[in-house]
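[1] this one's structure only:
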Ligand code: SAM
Ligand code: SF4
Ligand code: SF4
């Protein structure tokens, strides 16, 4: 430390084993969801008798906020709340308010399926949520209902998005998972609909997360194909990354009509710039979306470990991190045990 650096600055976590810093944290606030998206929580696995976490095993708001503060002290600048479906967590605006008050946190955002957004957009905004991502896989209501697999109507989600814009969340990110033979005909209509200053559209390559969605390579629509399809109808100009390590390849409509991006985690893995940590709703700390297991922070929290002790443990776990699953993806990695997306929230 230089002689002029303030002595009170907490030390950031050291970079991981591949030189990647700790910058983003995804906090899952529930493992429950009211949708059964076929690529994430297939009904035959997440059926009526599925054992979700009991309340006692889920981190309280106080525990979540404490961990968040420690991660921010270790260098995290961005927190994304996720799930399961995060809006199902009761009283969520109270957690948002607690997180929004953490000194040093620069970006607080949330990913939702939008089903409860019409009622919650304003309270979340008032509580200090800065940005919002809403998942919409299709504008064809039949396809939308089939993909969420609980017959949830598209209109309710579109109402939620409109409420979020009214509440001041603009531009809103829209996530579309593109799956071969399921919603590829929606790629261009989505680009036309979610254009303009209110939206940033993100196409996500279908990923082999978890072990339940029967992922096949053939079901992935490569990012290059997505861009080619759109470019035939809407001329696009590539945009530079907003920051080092940004996961989306970005473009804008030539006529200035809006931004789109593709997240090519299968065809163009971005592990080299991966600065994300993830905490599941039960307090397991994961250093990769495809990890088979996490590290139990809840036991340490509830066992009475000090903030300093927790910070040291997290730093040490980050420092030895070697994950780069997407770069190593092969037929052999497919059958490895992996945490489910609905635990880690993407
Ligand atoms: N329930 C919320 C939602 O759907 O927005 C938040 C959690 S969800 C797991 C986060 C994101 O992961 C969503 O945008 C969803 O579409 C995406 N996702 C889920 N399973 C996926 C898969 N197999 N491949 C790619 N993206 C996936
Ligand atoms: Fe639920 Fe989101 Fe998974 Fe769909 S993608 S099942 S909305 S957690
Ligand atoms: Fe990060 Fe793991 Fe995804 Fe690679 S595979 S980008 S290390 S989460």
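    Yes, it's here. Predicted model only: the values in this text are computed from it and were never measured. Numbering: from 1, shown residues only. Ligands and ions are numbered 1, 2, ... in the order given.
[2] any idea how far the nearest residue to residue 20 once chain neighbours are set aside lies from residue 209?
    Spatially, and ignoring its direct neighbours in sequence, residue 20 is nearest to residue 275 (5.5 Å; C-beta to C-beta, 6 or more residues apart in numbering). Glycine gets a C-beta too; all of them are placed from N, C-alpha and C. Per C-beta to C-beta, to the nearest Å, residue 275 is found 19 Å from residue 209.
[3] same thing with residue 303?
    Taking C-beta to C-beta, one finds residue 303 at 30 Å from residue 209.
[4] those two: who's more crowded?
    Regarding residue 303 and residue 209, a neighbour count based on other C-beta atoms under 10 Å identifies residue 209 as having more, with 22 against 9.
[5] now do the strands in the stretch 201-346 of the chain.
    236-239, 249-253, 259-263, 276-279, 284-286, 295-296 (DSSP state E, counting those that start in this stretch).
[6] CSV for those strands, including mean pLDDT, mean neighbour count and distance to residue 55?
    Below are the strands of the stretch 201-346 of the chain laid out as CSV (pLDDT from 0 to 100; neighbours: other C-beta atoms under 10 Å; distance: least, C-beta to C-beta, whole Å):
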stretch, mean pLDDT, mean neighbour count, distance to residue 55
strand 236-239, 94, 13, 44
strand 249-253, 94, 19, 40
strand 259-263, 96, 24, 33
strand 276-279, 98, 24, 17
strand 284-286, 97, 22, 16
strand 295-296, 98, 16, 18
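[7] closest one to residue 19 among these?
    Closest approach to residue 19 among the strands of the stretch 201-346 of the chain (C-beta to C-beta): strand 276-279, 14.9 Å.
[8] got the contact list for the closest one?
    22-28, 59, 64, 67, 71, 76, 285-287, 289, 294, 297, 314, 318, 344-345 (C-beta atoms under 8 Å, 6 or more residues apart in numbering).
[9] which of those are buried, as a ChimeraX select command?
    Remark: buried members of the contacts of strand 276-279, expressed as a ChimeraX selection using 16 or more other C-beta atoms under 10 Å:
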select :22,23,24,25,26,27,28,59,64,67,71,76,285,286,287,289,294,297,314,318,344,345
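[10] which among the contacts of strand 276-279 are in contact with ligand 3?
    The overlap between the contacts of strand 276-279 and the neighbours of ligand 3 (C-beta under 6 Å from any ligand atom) comes to residue 289.
[11] mind checking which of the contacts of strand 276-279 land in helices?
    Under the assignment DSSP state H, the contacts of strand 276-279 contribute 64, 67, 71, 297, 314, 318, 344 to helices.
[12] alongside ligand 1, which residues does the stretch 151-300 of the chain contribute?
    175, 177, 204, 206, 207, 209, 213.
[13] now intersect these with the helices, please.
    Per DSSP H, those never map to helices.
[14] can you tell me which of those is nearest residue 43?
    Using C-beta to C-beta, these come closest to residue 43 at residue 213, 11.4 Å.
[15] the residue nearest to that closest one when sequence neighbours are not counted - how many residues pack around it?
    The shortest distance from residue 213 to any non-neighbouring residue, by C-beta to C-beta, 6+ apart, is to residue 39 (5.1 Å). By other C-beta under 10 Å, the residues close to residue 39 number 23.
[16] how much space between residue 280 and residue 294?
    Applying C-beta to C-beta to residue 280 and residue 294 gives a distance of 6 Å.
[17] common neighbours of those two, please.
    286, 339.
[18] other residues contacting stretch 295-313?
    10, 57, 59, 63, 66-67, 69-70, 73-74, 279, 282-286, 314, 317.
[19] can you do 10 Å?
    Contact with stretch 295-313 is made by 10-11, 13, 57-60, 62-64, 66-67, 69-71, 73-74, 279-287, 314, 316-317, as judged by C-beta atoms under 10 Å, 6 or more residues apart in numbering.
[20] and for stretch 42-49?
    Contacts of stretch 42-49 (C-beta under 10 Å, 6+ apart): 31-33, 35-38, 40-41, 50, 52, 149-150, 210-214, 340, 342.
[21] tell me which parts of this structure are close to ligand 2?
    Close to ligand 2, as judged by C-beta under 6 Å from any ligand atom, the chain has residues 33, 35-37, 40-41, 83-85, 113, 135, 341-342.
[22] rerun at 8 Å
    Taking C-beta under 8 Å from any ligand atom as the measure of proximity, the chain contacts ligand 2 at 33-37, 39-41, 46, 83-85, 111-113, 115, 135, 148, 177, 341-342, 345-346.
[23] and those residues, which of them are buried?
    For the residues of the chain next to ligand 2, buried by 16+ other C-beta under 10 Å: 33, 35-37, 39-41, 46, 83-85, 111-113, 115, 135, 148, 177, 341-342, 345-346.
[24] give me the pLDDT value at the spatially closest residue to residue 269 that is not a sequence neighbour.
    Spatially, and ignoring its direct neighbours in sequence, residue 269 is nearest to residue 326 (3.4 Å; C-beta to C-beta, 6+ apart). pLDDT, residue 326: 95.
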